[in-house]
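Visitor: Kindly generate the corresponding structure for this input.
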Amino acid sequence: MRVTVSDAKGQLTELVRKAEAGEDIVLTRHGKAAVRLVPVGARPSAADRKALLDGVCTSGPLSAAPGANAARSQDFLYREDGLPK
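Guide: Below you'll find the predicted structure:
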């Protein structure tokens with residue numbers, strides 16, 4: 001549904017209800033889409049956030065691939081005496 005900003009002022013409550021119900025509401029200004037009304041999702045609880053972070057922390061090291069040693073990655077820039085090439 002596309003509604004001009006000036007028309008939306010008079011029917012904001014109804015537009016919010018429709019957006020909460022899942023309808024796509026786009027507010028237009030000068031004939032061009034300006035903003036979209038979307039419902040705000042429920043915030044996850046602290047326990048849910050902690051569980052998510054714990055899962056990421058435990059699965060991260062399992063999927064890490066070994067690579068080159070970063071401590072020696074810039075050696076090609078220097079000569080044997082330690083001075084820049």
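Visitor: Just the strands from the chain, written as ranges.
Guide: 2-4, 25-29, 32-37 (DSSP state E).
Visitor: mind checking which of these is nearest residue 52?
Guide: Between residue 52 and the strands of the chain, the shortest gap by CB to CB is with strand 32-37, which sits at 27.0 Å. (Glycine included, C-beta is placed from N, CA and C.)
Visitor: pull the CA atoms of that closest one into CSV?
Guide: Coordinates of each C-alpha in strand 32-37 appear next as CSV, following Å, rounded to 0.1, in the frame of the first residue of the first chain:
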residue,chain,number,x,y,z
LYS,A,32,8.6,8.8,-4.7
ALA,A,33,8.9,6.2,-2.0
ALA,A,34,10.3,7.8,1.2
VAL,A,35,9.9,5.4,4.0
ARG,A,36,8.4,2.0,4.8
LEU,A,37,6.4,1.1,7.9
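Visitor: That one pairs with which strands, parallel or anti?
Guide: Take DSSP bridges as the rule and strand 32-37 pairs in its sheet with strand 25-29 (antiparallel).
Visitor: How far off centre is the partner strand?
Guide: Strand 25-29 has its C-alpha centroid displaced from the chain centroid by 23 Å (CA atoms, centre = their mean, to the nearest Å).
Visitor: Same question for stretch 63-73.
Guide: Relative to the centre of its chain, stretch 63-73 is centred 28 Å away, using CA atoms, centre = their mean.
Visitor: Any idea how far apart the tips of it sit?
Guide: 22 Å (CA to CA, to the nearest Å).
Visitor: can you give me the helices in this structure?
Guide: 5-10, 12-20, 46-63 (DSSP state H).
Visitor: What is the first one packed up against?
Guide: Read it as helix 5-10. Counting contacts by 3 or more CB pairs under 8 Å, 6 or more residues apart in numbering; DSSP states H and E, helix 5-10 packs against strand 25-29.
Visitor: Check the gap between residue 77 and residue 68 for me.
Guide: Distance of residue 77 to residue 68, computed by CB to CB, to the nearest Å: 15 Å.
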